[in-house]
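Engineer: Need a 3D model of the sequence below.
(chains A, B, C and D)
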Protein chains: 2
Amino acid sequence: MLEAGTAELMEQPTQRQQDVLDAVLGLLVESGDALTMNAVARRANCSKETLYKWFGDRDGLLTATVQWQASKVRAGTYDRQKLDAAALRESLERFGANWLKVISSRTSIALNRVAIAHAASEKNNLGRIVLANGRFAIGERLKPLLEDGRAAGLLSFDDAESAFRCFFGLIGRDVQIRLLLGDRLDMSEAQIRHDAAQAARQFLSLYGTDKVVGPNEAGRFK
Amino acid sequence: MLEAGTAELMEQPTQRQQDVLDAVLGLLVESGDALTMNAVARRANCSKETLYKWFGDRDGLLTATVQWQASKVRAGTYDRQKLDAAALRESLERFGANWLKVISSRTSIALNRVAIAHAASEKNNLGRIVLANGRFAIGERLKPLLEDGRAAGLLSFDDAESAFRCFFGLIGRDVQIRLLLGDRLDMSEAQIRHDAAQAARQFLSLYGTDKVVGPNEAGRFK
DNA sequence: AGCGAACCGTACCGTACGGTACAGTCGCTG
DNA sequence: CAGCGACTGTACCGTACGGTACGGTTCGCT
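Structural biologist: Okay, the predicted model is just below:
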């Protein structure tokens, strides 16, 4: 999952190319996989010939678009620090809220849809790219936090991967699949904050040591 | 989510029609959304004209297929009973293992993929059907168990829906999205049983009362 | 035997879309 | 200004696929 590009990745798209890719993102959000090369050319005010010259074919264009979007999201890295219980909880909530916000964004939904549709027919570059920059990227970013929490005696677990997957489930629950399948779902800013806080509480209740789970909240979840 | 069919649903497919729908399922699993009417006709040894007569158009065929598969899965309903801690845990594990087995089956993955691909272009019948027979069906089947558990003093929660969504997350975690995106994943029978047992333990740790959470397992999750 | 309904197989139509070719335009360099 | 490379816009080609038409076959019914 880590060996990124078997495919040649476009190292640095020019400004003009970025505009084209943004046009693709817009069309993808609006019309899903019904995206046609003509529509892209029209929207981006460029010729189809240029599209093929730059991106090879339709798949190349989609791949470049997914990578372009991924490159835009690489933000909010966690910097290791001395943790106390409050800081740990706060960081977990921030991670969770951020992730919920990402997966409920129209762009993420659109890209996941085309990647999933593509994953059916093998040659699943898109699926791998989306996974690498979504699920696995956030895993690698969260694990240092978990390990710092364990080093500080706040968390207890053997396998950071397992602990992360549990956190992932507590945060995401049925949200992503429902959105992907077209269900309307609230996912307002307030809702997200509330859900992330609840998930953090639950995660700490499962993996926190006595130093972090106060007797007041060792109880059930209303 | 409960009002089932705005679309006219084929009440009782004949044996021959079932064969056709099974052929569609097979092709869907093999080749994903690349499914063509010609391929279906060839595989099912029937004429395209018959397909159009029976199912209207391509979407109708896909809809009928999804409903057909859904009708095959309606099994294993939970019958209410007097619960003790062991029976509750056992039932949760069974539910969880069953759900994991469903979502990791090639058929489910294929159907979810086409439903998700379709959900992009509005008119999202498929997405609604899949949701109604997947996520929401299992929710309605699990809630009675949760409520019986609460009535028996084994569980504590205000909102069965919230509790179920938490269980859903603990069971599914990243499994479904990874499979949909083409990631290879173990999901052997043994793995499933292990994961379901762990999820049940975690769920009980979060929502169980003192009667079910023994002091021996109130602790952390390795 | 005769008849009609259901169905198979195949040929066919229209269209949409991926990909290519080409003529024209813009802007830069010597 | 000449020349050139990059680009646009449009026209075009080939093909694949959804959907329809039709002749031929099977089968049940009277």
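Engineer: going forward, measure contacts and count neighbours with C-alpha atoms only.
Structural biologist: Will do.
Engineer: quick one: is the worst-scoring helix or strand of chain A on mean pLDDT near DNA strand C?
Structural biologist: Ranking every helix and strand in chain A by mean pLDDT, DSSP states H and E puts helix A:58-73 at the bottom, with a mean of 91. Yes. Using CA under 7 Å from any atom of the strand, helix A:58-73 comes into contact with DNA strand C via A:58-59.
Engineer: Which positions within that helix qualify as buried?
Structural biologist: Buried positions in helix A:58-73, judged by neighbour count with 16 or more other CA atoms under 10 Å in any protein chain shown: A:60-70.
Engineer: where do the helices sit along chain A?
Structural biologist: Assigned by DSSP state H, chain A shows helices spanning A:15-31, A:37-44, A:48-55, A:58-73, A:85-103, A:106-119, A:125-133, A:135-151, A:160-172, A:175-180, A:189-207.
Engineer: Tell me which of those approaches residue B:51 most closely.
Structural biologist: With CA to CA, the closest approach to residue B:51 among the helices of chain A belongs to helix A:106-119: 24.3 Å.
Engineer: Pull the distance from that closest one to the chain's centre.
Structural biologist: Distance of helix A:106-119 from the chain centroid (CA atoms, centre = their mean, to the nearest Å) equals 12 Å.
Engineer: Spit out the contact partners of residue A:150.
Structural biologist: Counting by CA atoms under 8 Å, 6 or more residues apart in numbering or on different chains, residue A:150 touches A:156-157.
Engineer: Give me the residues contacting the least confident helix or strand of chain A.
Structural biologist: With CA under 8 Å, 6+ apart as the test, helix A:58-73 has contacts from A:9-10, A:18, A:21-22, A:24-25, A:37, A:51-52, A:55, A:111, A:125-126, A:129-130, A:133.
Engineer: from those residues, which would you call buried?
Structural biologist: Neighbour counting with 16+ other CA under 10 Å marks A:18, A:21-22, A:24-25, A:37, A:51, A:55, A:111, A:125-126, A:129-130, A:133 as buried within those.
Engineer: The residue positioned nearest the centre of chain A and residue A:112: what is the separation?
Structural biologist: Nearest to the mean C-alpha position of chain A, by CA atoms, centre = their mean, lies residue A:134 at 3.5 Å. Computed as CA to CA, to the nearest Å, the residue A:134 to residue A:112 distance reads 10 Å.
Engineer: from the buried ones among the contacts of helix A:58-73, which has minimum pLDDT?
Structural biologist: Confidence by pLDDT is poorest for residue A:125 among the buried ones among the contacts of helix A:58-73, given 87.
Engineer: Low-confidence stretches in chain A?
Structural biologist: Residues of chain A meeting the criterion pLDDT under 70: A:1-11, A:75-78, A:213-222.
Engineer: residue of chain A with the smallest distance to DNA strand D?
Structural biologist: In chain A, the residue that lies nearest DNA strand D is residue A:46 (3.3 Å; CA to the nearest atom of the strand).
Engineer: Any idea how far apart the tips of stretch A:100-111 sit?
Structural biologist: One end of stretch A:100-111 to the other measures 16 Å (CA to CA).
Engineer: Flag every buried residue along that stretch.
Structural biologist: Neighbour-count burial for stretch A:100-111 [16+ other CA under 10 Å]: A:100-101, A:103-104, A:106-111.
Engineer: what do you get for stretch A:190-203?
Structural biologist: Residues of stretch A:190-203 classed as buried: A:192-193, A:195-203 (neighbour count, 16+ other CA under 10 Å).
Engineer: With stretch A:180-193 instead?
Structural biologist: Neighbour-count burial for stretch A:180-193 flags A:180-183, A:192-193 (criterion: 16+ other CA under 10 Å).
Engineer: Near DNA strand C, which residues of chain A are found?
Structural biologist: Counting by CA under 7 Å from any atom of the strand, the residues of chain A close to DNA strand C are A:34-38, A:47-49, A:52, A:57-59.
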